[in-house]
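**Student:** How does the following fold in three dimensions:
(one chain, ligands or ions: 1)
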Amino acid sequence: MRGEYARDVTEPEGFAARTMSAANAGMFTTALDRQAEMDLVRELRTWCRGMLELRPGATALDIGCGTGAELMELARLVQPGGRAIGVDANRPMLDVAGERTSGIPGVTVVEGEASELTWLESGTVDAIVCERVIQHLTYDPVLAVREFARVLAPAGSVAITDTDWSSAKIVVRDDPATTDYLMALFEKLPRPRMANRLAGLELSNYCAAAGLDVVAHRTGRLGNLASALLPGATDGIRAMAMTHLPPAEVDEAGRTLSAALADGRLEVTVDLHAVIARHPARDE
Ligand SMILES: C[S@@+](CC[C@H](N)C(=O)[O-])C[C@H]1O[C@@H](n2cnc3c(N)ncnc32)[C@H](O)[C@@H]1O
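**Tutor:** The predicted structure follows:
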């Protein structure tokens, strides 16, 4: 049992650049598809698109495009004559986006790093979307946002959405004792393998440091994330627990989590933040 969980600790894999295996791309796709159906994700995406004021003929970028769901929406808004470019640093994820958008006019997908859009000339992009990517960056996020600012046209806008993992709450419905037990356990663990767990709270600061003006900010509580987490998430929690707790306690925690998930009583909620930022030049 221990060995099974240890695998997850010693072979970290996920959304961080170049860590996703082709074998697991299906699991990541399932999680993103479920999240795309969540009310807050839909609401924030619609709001961001509206704020970006996309027009036919425009060039739009989706940085860390994942399955390509939002890329398709951007493509629709810039047609006829526009371009929607999806960028992703994990080839298996980009393959999914490529397949799902194949044949849609104006769409291209590019394997690339958020902070290295060197193949794009400065000031040539009208709109940039970057949703739940900065949390995974393993370097200073300002480097990426500065690159967004560089490629952005003077009249362009950026929409960045991300998670504040410090706000995460685990609840087992109608079971306060188990809720307290799991929350106490959660507090004892090192934080999820998320490079920037406070990304959602820092978005305005990243934009300011990159020389962009934040013109709007919206936030909401994403819930219930439990069934839309990666299918392996409960094993991941067990794996982290294993390195910090005695084995008997780990097994107990694993059983409790799995049972609550299986009977639909596990609720995981977290705050999402979205900001819209522009070049200072735009309003001069
Ligand atoms: C949580 S997913 C979000 C996908 C999509 N934006 C959405 O909201 O459904 C994070 C995405 O960012 C990509 N990614 C992670 N690090 C990246 C980086 N440094 N540069 C570009 N893409 C990156 C991952 O491969 C993954 O597709």
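
**Student:** which stretches of the stretch 151-284 of the chain have low pLDDT?
**Tutor:** For the stretch 151-284 of the chain, residues meeting the criterion pLDDT under 70 lie at 189-193, 230-245, 282-284.

**Student:** what about the residue of the stretch 151-284 of the chain found nearest the ligand, which SS state?
**Tutor:** Closest to the ligand within the stretch 151-284 of the chain is residue 161: 7.2 Å, counting by C-beta to the nearest ligand atom. Where C-beta positions appear, they are placed from N, C-alpha and C, glycine not excepted. Here residue 161 takes the strand state, with states given by DSSP: H, G, I helix; E, B strand; the rest coil.

**Student:** Kindly report the residues of the stretch 51-200 of the chain close to the ligand.
**Tutor:** Applying C-beta under 6 Å from any ligand atom, one finds that the stretch 51-200 of the chain approaches the ligand through 63-66, 87-90, 93, 113-114, 131-133, 136-137.

**Student:** rewinding a little: ok, now which ones touch the residue of the stretch 151-284 of the chain closest to the ligand?
**Tutor:** By C-beta atoms under 8 Å, 6 or more residues apart in numbering, the residues touching residue 161 are 44-45, 48, 130-132, 272-275.

**Student:** Go through those residues and name the one nearest residue 124.
**Tutor:** Proximity of these to residue 124 (C-beta to C-beta) peaks at residue 130, which lies at 16.9 Å.

**Student:** burial count for the closest one?
**Tutor:** Look at residue 130: counted by other C-beta atoms under 10 Å, it has 24 neighbours.

**Student:** Now do the same contact list for the spatially closest residue to it that is not a sequence neighbour.
**Tutor:** Of all residues not flanking residue 130 in the chain, residue 63 sits nearest, at 4.2 Å (C-beta to C-beta, 6 or more residues apart in numbering). Residue 63 makes contacts with 87, 114, 128-130, 133, 144, 148, as judged by C-beta under 8 Å, 6+ apart.

**Student:** Mind checking which of those residues land in helices?
**Tutor:** Within the contacts of residue 63, residues falling in helices by DSSP state H are 144, 148.

**Student:** export the contacts of residue 63 to JSON lines and tack on pLDDT and distance to residue 204?
**Tutor:** Output for the contacts of residue 63, formatted as JSON lines (pLDDT from 0 to 100; distance: C-beta to C-beta, whole Å):
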{"residue": "87", "pLDDT": "98", "distance to residue 204": "23"}
{"residue": "114", "pLDDT": "98", "distance to residue 204": "18"}
{"residue": "128", "pLDDT": "98", "distance to residue 204": "16"}
{"residue": "129", "pLDDT": "98", "distance to residue 204": "17"}
{"residue": "130", "pLDDT": "98", "distance to residue 204": "14"}
{"residue": "133", "pLDDT": "96", "distance to residue 204": "17"}
{"residue": "144", "pLDDT": "98", "distance to residue 204": "15"}
{"residue": "148", "pLDDT": "98", "distance to residue 204": "14"}
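
**Student:** And the furthest pair within the contacts of residue 63?
**Tutor:** The widest separation within the contacts of residue 63, taken as C-beta to C-beta, falls between 129 and 144 and amounts to 13.1 Å.

**Student:** Pick out whichever of those two has more residues nearby.
**Tutor:** Between residue 129 and residue 144, counted using other C-beta under 10 Å, residue 129 has the larger neighbour count: 28 against 24.

**Student:** Quick check: residue 148 touching residue 127?
**Tutor:** No: counting by C-beta atoms under 8 Å, residue 148 does not reach residue 127; the two are 10.4 Å apart.
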